[in-house]
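> turn this into a model:
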Amino acid sequence: MISFLTSKLGIALLAVVALLVVVGVIYFQSRNAGGSAVRVEQLERTNETQRKIDDADARGPRTPGDVDQRLRDGRF
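Prediction:
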């Protein structure tokens, strides 16, 4: 077994296996990075939507009387 690993064919085979492992690691890392970018974009959209909701709540009427007054004034 050891003599095979030290032969030219064995060394070439080990080099090919090592190269495939490196290429596989790079491929899967790039896939993970792409997935992370998509998650970041989705999180940014979610935060922006929540910010709009919070801003609308901050400018909205506080009590049912406020709602009635805004409806009467036509400002709703």
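> what's the lowest-mean-pLDDT helix or strand in the chain in contact with?
In the chain, no helix or strand scores lower on mean pLDDT, DSSP states H and E than helix 2-6, which sits at a mean of 74. If you take Cβ atoms under 8 Å, 6 or more residues apart in numbering as the criterion, helix 2-6 is touched by 10, 11, 14. To be clear about C-beta, it is placed using only N, CA and C from the backbone, and glycine gets the same treatment.
> just for this protein, where's the confidence low?
Within the chain, the ranges that satisfy pLDDT under 70 run 1, 76.
> then stretch 10-20 to CSV, C-alphas only?
What follows is stretch 10-20, C-alpha atoms only, in CSV (Å, rounded to 0.1, in the frame of the first residue of the first chain):
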residue,chain,number,x,y,z
GLY,A,10,-0.2,7.1,-6.5
ILE,A,11,1.1,10.7,-6.2
ALA,A,12,-0.9,11.7,-9.2
LEU,A,13,-4.0,10.1,-7.8
LEU,A,14,-3.5,11.9,-4.4
ALA,A,15,-3.0,15.2,-6.2
VAL,A,16,-6.3,14.7,-8.2
VAL,A,17,-8.2,13.9,-5.0
ALA,A,18,-6.7,16.9,-3.2
LEU,A,19,-7.6,19.1,-6.2
LEU,A,20,-11.2,17.8,-6.2
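> buried stuff in that stretch?
Residues of stretch 10-20 classed as buried: none (neighbour count, 16 or more other Cβ atoms under 10 Å).
> and it, how far from the chain's centre?
35 Å (Cα atoms, centre = their mean, to the nearest Å).
> which SSE is the spatially most central residue of the chain in?
Centroid check for the chain by Cα atoms, centre = their mean gives residue 39 as the closest residue, at 1.6 Å. Element membership of residue 39, judged by DSSP states H and E, is helix 8-59.
> before we move on, the earlier item: how close does the residue nearest to the centre of the chain get to residue 24?
Using Cβ to Cβ, to the nearest Å, one obtains 23 Å as the distance from residue 39 to residue 24.
> still on that earlier bit, and the least confident helix or strand of the chain, C-alpha only, in CSV?
Only the C-alpha atoms of helix 2-6 are listed here, as CSV (Å, rounded to 0.1, in the frame of the first residue of the first chain):
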residue,chain,number,x,y,z
ILE,A,2,2.8,2.5,0.9
SER,A,3,4.7,1.6,-2.2
PHE,A,4,1.6,2.5,-4.3
LEU,A,5,1.3,5.9,-2.6
THR,A,6,4.9,6.7,-3.3
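> nothing else from me, thank you.
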